[in-house]
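J.: Sequence unavailable; structure follows:
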């Protein structure tokens, strides 16, 4: 089987069905304004950041405590979801925060990928495939959210109050629970 394709599948599977924290993070990014362009901008910043630390960590240039990374990942989901309750438009602060959180999430991806034995001769292909799989899954989440929620309803007066705020609050509560749970583990 082609190495890139094999690790592409692994990247998708890291998000679907086992990566609920990643799915909630991308969903929270989407609900800032529910515009497709805004979601793509945020995910592009996130992708750039997590790709950097994923590659550096897997190649052995970064060492980190995976327990603390998991705590910070849960906290990042909480913060992004809470921001959705405060802001309704993208700003430089949000993009900087997403970039910093992307760096942390990349370390989480590196932890997941490091659990797979990878021969040195295929490492770069495996990294590329895995990252591409994660990106494919992220794009799927954005498209799903756009067509399920935003396309038909985002122009409605009630959209922000009846859909975005409750969903963001639910994501924030789940993430806060995970933060405490992971901290106490």
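T.: That came through, no problem. Keep in mind it's a predicted model, so treat the numbers as computed, not measured.

J.: tell me, how many neighbours does residue 176 end up with?
T.: Look at residue 176: counted by other CB atoms under 10 Å, it has 17 neighbours. Glycine gets a C-beta too; all of them are placed from N, C-alpha and C.

J.: low-scoring stretches of the protein, by residue?
T.: Applying pLDDT under 70 to the chain flags the ranges 1.

J.: can you list contacts of the helix or strand hosting residue 21?
T.: Element membership for residue 21 (DSSP states H and E) is helix 20-30. Under the criterion CB atoms under 8 Å, 6 or more residues apart in numbering, residues 14-16, 39, 42-43, 46, 73-74, 76-77, 80-81, 84, 98, 101, 105, 134, 137-138, 141-142, 145-146, 150, 167-168, 171, 174-175, 178 lie in contact with helix 20-30.

J.: what's the answer for stretch 177-185, then?
T.: Taking CB under 8 Å, 6+ apart as the rule, stretch 177-185 contacts 21, 67, 70-71, 74-75, 77-78.

J.: let's see 7 Å
T.: Stretch 177-185 has contacts (CB atoms under 7 Å, 6 or more residues apart in numbering) with 21, 70-71, 74-75, 78.

J.: before we move on, the earlier item: chain center to the helix holding residue 21, what's the gap?
T.: Helix 20-30 has its C-alpha centroid displaced from the chain centroid by 5 Å (CA atoms, centre = their mean, to the nearest Å).

J.: And the next helix or strand past that helix?
T.: As assigned by DSSP H and E, the chain's next helix or strand after helix 20-30 is helix 36-58.

J.: Mind giving me the packing neighbours of that next one?
T.: On a contact count with 3 or more CB pairs under 7 Å, 6 or more residues apart in numbering; DSSP states H and E, helix 36-58 meets helix 20-30, helix 92-114, helix 123-145.

J.: And the last one, what's buried?
T.: When you say that, I think you mean helix 123-145. For helix 123-145, the neighbour count (16 or more other CB atoms under 10 Å) marks 125-135, 137-138, 141-142, 145 as buried.

J.: so residue 126 sits right up against residue 7, yeah?
T.: Yes - the criterion here is CB atoms under 7 Å, and residue 126 meets it with residue 7 at 4.5 Å.

J.: Excluding sequence neighbours, find me the nearest residue to residue 102.
T.: Nearest residue to residue 102, sequence neighbours excluded (CB to CB, 6 or more residues apart in numbering): residue 49, at 2.7 Å.

J.: That neighbour reaches residue 103, doesn't it?
T.: Yes - with contact defined as CB under 7 Å, residue 49 reaches residue 103; the gap is 4.8 Å.

J.: now the residue lying closest to residue 38 once chain neighbours are set aside: how far from residue 169?
T.: Using CB to CB, 6+ apart and skipping the chain neighbours, the partner closest in space to residue 38 is residue 90 (5.1 Å). Using CB to CB, to the nearest Å, residue 90 is found at 20 Å from residue 169.
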